[in-house]
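Student: curious how this folds, go ahead:
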Amino acid sequence: MAGSAPSPTVSVQVVQALVARELVEGLGRSEREAALLLGLVPSSVSQYLSGKRLGPVLSPYFGDDEARAIARETAQQLIGGVPGPRAVLEAAIRLSGRHGGAPARGGADRMTLSPELRRALPRWLRNRIAGEQSAVAECMRLAQRSRDELTRAVFRQIASDSLRHAEIVASLAGHLDRGIASSAPTGISRADVEALIRREHEAEATSEIDLGPRLGGLMRVLWESMEADERKHEQLLQSLLTAGLAEGPSPRRRRTGRA
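Tutor: Below is the predicted model:
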């Protein structure tokens, strides 16, 4: 398929959609069974099949024999008992890695790592992805064993975080393979990030009570996890401000077609 590879995050959704279609239309499974195998809710599978979700993104893949082969192989793995998150992530990495793709403009520095570290990186990155995949599979297993919504929420959150970590490592691996060790943000400005920081602070200021200390057990665990995420968001946004963002308004995107 022509064009640059999708990001690992988009590749996960593309694989989910292609595998859902393969399970239902190719292998005769019901939408509910496909959702169960993929670890999705049935409505997500229905939206993938109807084209309501990712429709324009998916259309180029329908005529791509290699993408369809990846989807069929993944569907057969799911039927054979391979955990959904692990199989989907492995397929997404294969899909996103099929094309080298050009790095986005915005300042990319060639690698200055030692030859020894460059040789060790591929193995380390593969091991990290495998570890995150294992965590995803185990968390989904524990979520299925859980008997209440809050316990399931804890393990699903960890699974989601581990899946995102694996996607990040896969993205880093793609750049490192091309000899890129540094990349500046693109498409946004300092003004964008500063405005978002203000909105985050304004949202926090609307809270009239500190609910966390008044909760117990899993309810407090989940509340504290949200608070930890907010602190992480603050750190990420502050780091963006020092990562080479341009001053002034965001660069305008070139319009295509009608508004």
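Student: show the contacting residues for Val15.
Tutor: For Val15, the contact set (CB atoms under 8 Å, 6 or more residues apart in numbering) comprises Ile70, Ala71, Thr74, Val88, Ala91, Ala92, Leu95. Backbone N, C-alpha and C define where each C-beta goes, glycine included.
Student: can you do 7 Å?
Tutor: Ala71, Thr74, Val88, Ala91, Ala92, Leu95 (CB atoms under 7 Å, 6 or more residues apart in numbering).
Student: who wins on neighbours among these?
Tutor: Neighbour tally across the contacts of Val15 (other CB atoms under 10 Å): the maximum, 29 neighbours, falls on Val88.
Student: could you find the closest non-adjacent residue to Ala153?
Tutor: With CB to CB, 6 or more residues apart in numbering as the measure, Leu222 is the residue that lies nearest to Ala153, at 6.1 Å, once sequence neighbours are left out.
Student: correct me, but that neighbour touches Leu150?
Tutor: Yes: the pair formed by Leu222 and Leu150 meets the contact definition of CB atoms under 7 Å, at 6.5 Å.
Student: the more surrounded of the two?
Tutor: Set side by side, Leu222 and Leu150 show unequal neighbour counts under other CB under 10 Å, the larger going to Leu222 at 16 against 12.
Student: how close does that one get to Gln144?
Tutor: In this structure, Leu222 and Gln144 are separated by 18 Å, where distance is defined by CB to CB, to the nearest Å.
Student: lowest average confidence, helix or strand, in the chain?
Tutor: Of all helical and strand segments in the chain, the minimum by mean pLDDT, DSSP states H and E falls on strand 108-110, at a mean of 53.
Student: helix or strand next in line after it, which one?
Tutor: From strand 108-110 onward toward the C-terminus, using DSSP states H and E, the following helix or strand is helix 115-145.
Student: can you give me the buried ones in that next one?
Tutor: Taking 16 or more other CB atoms under 10 Å as the neighbour-count basis, helix 115-145 is seen to contain the buried residues 121, 125, 128-129, 132-133, 135-140, 142-143.
Student: now do the next helix or strand after that helix: which elements does it pack against?
Tutor: For helix 115-145, the following helix or strand on the C-terminal side (DSSP H and E) is helix 149-177. Secondary structure elements in contact with helix 149-177, counted by 3 or more CB pairs under 7 Å, 6 or more residues apart in numbering; DSSP states H and E, are helix 8-21, helix 84-96, helix 115-145, helix 217-241.
Student: ok now helix 149-177, how far from the chain's centre?
Tutor: On the basis of CA atoms, centre = their mean, to the nearest Å, helix 149-177 is displaced by 7 Å from the centre of the chain it belongs to.
Student: that helix: which residues count as buried?
Tutor: For helix 149-177, a neighbour-count test (16+ other CB under 10 Å) marks 151-159, 161-163, 165-167, 169-170, 172-176 as buried.
Student: now do stretch 224-243
Tutor: Along stretch 224-243, these residues count as buried under the neighbour rule (16+ other CB under 10 Å): Leu240.
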